[in-house]
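> Coordinates only, no sequence provided:
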Ligand SMILES: O=P(O)(O)OP(=O)(O)OP(=O)(O)OC[C@H]1O[C@@H](n2cnc3c(O)ncnc32)[C@H](O)[C@@H]1O
Ligand SMILES: Nc1ncnc2c1ncn2[C@@H]1O[C@H](COP(=O)(O)OP(=O)(O)O)[C@@H](O)[C@H]1O
């Protein structure tokens with residue numbers, strides 16, 4: 001796992017140092033696609049699986065950060081990285097590349113760049129799938145009470161939180177939002193009581 005992570009970090013940095021996120025959008029996308037396949041060789045599986053979670057600008061403004069972090073901690077997941085960041089348009093365009101032809105795309109980019117977001121990486125067994133369940137459905141109206149979107153929002157364009165939808169997306173998004181040095185390795189004491 002450690003070797004896998006080291007390989008991952010070097011590859012991510014190599015790509016970013018070579019091209020940078022400031023490069024033009026299609027090239028940046030090509031680099032990230034390449035990155036995600038390189039990331040796929042990492043050891044982020046089993047209890048080491050990781051996901052990217054972001055409290056969106058509305059979630060930060062509405063003081064939901066603590067509540068959201070609390071839910072992931074109490075569930076038993078381990079926090080690997082966390083930062084408050086005002087995302088650039090380049091970063092957001094890359095993040096939402098697959099939605100680029102949707103009619104709501106430009107409002108989505110404005111919404112996501114309207115204020116800081118809290119970007120996080122959480123780790124644990126099946127964390128990608130479980131986090132999506134904890135978030136609820138994309139449209140809050142379809143989200144059950146007890147989920148984050150089901151408890152804290154009503155409109156799809158203000159749905160307070162993002163979570164990676166697959167292990168592959170998680171790897172790509174973590175590489176996009178974080179530098180290797182921002183991902184922390186630490187022993188979580190309660191682990192023996194969770195696994
Ligand atoms: O990537 P995240 O943000 O987790 O979202 P998602 O996986 O649940 O959902 P989509 O990719 O389909 O959509 C991305 C985001 O775009 C926004 N969005 C989706 N459909 C929308 C719509 O019809 N009108 C406005 N915004 C929409 C909303 O904030 C979604 O979270
Ligand atoms: N029909 C829509 N109208 C406005 N915004 C939308 C719509 N669908 C999705 N979005 C926004 O785009 C984000 C990303 O969408 P998507 O990736 O499909 O879902 P999710 O966020 O659940 O992964 C959503 O979280 C939401 O903020």
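It's in. All figures in this text were calculated on a predicted structure; none of them were measured in a lab. Ligands and ions are numbered 1, 2, ... in the order given.
> For ligand 2, what's the nearest residue on this structure?
Using C-beta to the nearest ligand atom, residue 138 is the residue of the chain that sits closest to ligand 2, at 3.2 Å. In this view, the C-beta of every residue, glycine as well, is placed from N, C-alpha and C.
> which residues does that residue contact?
149, 156, 159 (C-beta atoms under 8 Å, 6 or more residues apart in numbering).
> which of the residues you listed come close to ligand 2?
Among the contacts of residue 138, the residues lying close to ligand 2 (C-beta under 6 Å from any ligand atom) are 156, 159.
> Of the contacts of residue 138, keep whichever come out buried.
Neighbour-count burial (16 or more other C-beta atoms under 10 Å) applied to the contacts of residue 138 gives 149, 159.
> Now, the contacts of residue 138 that are in helices?
Those of the contacts of residue 138 mapping onto helices are residue 149, per DSSP state H.
> Rebuild the contacts of residue 138 as a markdown table, extending it with pLDDT.
A markdown table is the format used below for the contacts of residue 138 (pLDDT from 0 to 100):
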| residue | pLDDT |
| --- | --- |
| 149 | 98 |
| 156 | 98 |
| 159 | 98 |
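> For the contacts of residue 138, give me a markdown table that also has distance to residue 131.
Formatted as a markdown table, these follow (distance: C-beta to C-beta, whole Å):
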| residue | distance to residue 131 |
| --- | --- |
| 149 | 12 |
| 156 | 18 |
| 159 | 14 |
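> before we move on, back to that, quick one: the residue of the chain closest to ligand 2 is in a strand?
No: applying DSSP: H, G, I helix; E, B strand; the rest coil, one finds residue 138 to be coil, outside a strand.
> any idea of the pLDDT on it?
Note on residue 138: pLDDT of 98.
> Spatially nearest residue to the residue most central in space within the chain, not counting backbone neighbours?
Centrality entry for the chain: nearest residue to the mean C-alpha point is residue 52, 2.1 Å, by C-alpha atoms, centre = their mean. Nearest non-adjacent residue to residue 52, counting by C-beta to C-beta, 6 or more residues apart in numbering: residue 173, 3.8 Å away.
> same check, this time on residue 72
Using C-beta to C-beta, 6+ apart and skipping the chain neighbours, the partner closest in space to residue 72 is residue 122 (5.2 Å).
> So in terms of bridging, what pairs with the one you found?
Counting by DSSP bridges, residue 122 forms beta bridges with residue 51, residue 79.
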